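Student: Sharing a model that was predicted from the sequence below.
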Amino acid sequence: MTPVRTFPAERLELLRAAEALCNGWESVDRFWSAVVAWCDESGVELESSESLRVVEHPGLRSIMWPSCRSLADGRRVGLSNVVLYEKAVGVAMAGFGHHPTA
């Protein structure tokens, strides 16, 4: 009979954290893809990603780059597109979406 191998509690916690991180990134990727698909279907024109690449100031770059996603076709989708998508479809990015206040 083969002995059952167990992991120490610390390793199990690390594995769970890694799994949660991977699931989180997959969820974010699916959300951005849905925003792009909605923009294409709705006729919302996406800007060129070229304007992101030419930003040289590190401070400005650190603000702009995380707020946009460059696409393989040379376009970019940004937070303004996300807000339009969320308002039209009613689906927000978990933890980061537009949440109206009362």
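Tutor: Now that the structure is in, tell me what you want to look at. Numbering: from 1, shown residues only.

Student: Now the spatially most central residue of the chain: which helix or strand?
Tutor: Nearest to the mean C-alpha position of the chain, by Cα atoms, centre = their mean, lies residue 28 at 3.7 Å. Secondary structure assigned from DSSP states H and E places residue 28 in helix 9-42.

Student: picking up where we left off before, report the separation between the residue nearest to the centre of the chain and residue 55.
Tutor: Look at residue 28 and residue 55: by Cβ to Cβ, to the nearest Å, they are 22 Å apart. (Glycine included, C-beta is placed from N, CA and C.)

Student: C-terminal to the helix or strand of the chain with the lowest mean pLDDT, which secondary structure element comes first?
Tutor: Scoring the helices and strands of the chain by mean pLDDT, DSSP states H and E places helix 9-42 at the bottom, with a mean of 78. Downstream of helix 9-42, the next assigned helix or strand under DSSP H and E is strand 47-48.

Student: Just list what that next one packs against, helices and strands only.
Tutor: strand 75-78 (3 or more Cβ pairs under 8 Å, 6 or more residues apart in numbering; DSSP states H and E).

Student: Brilliant, that's me finished.
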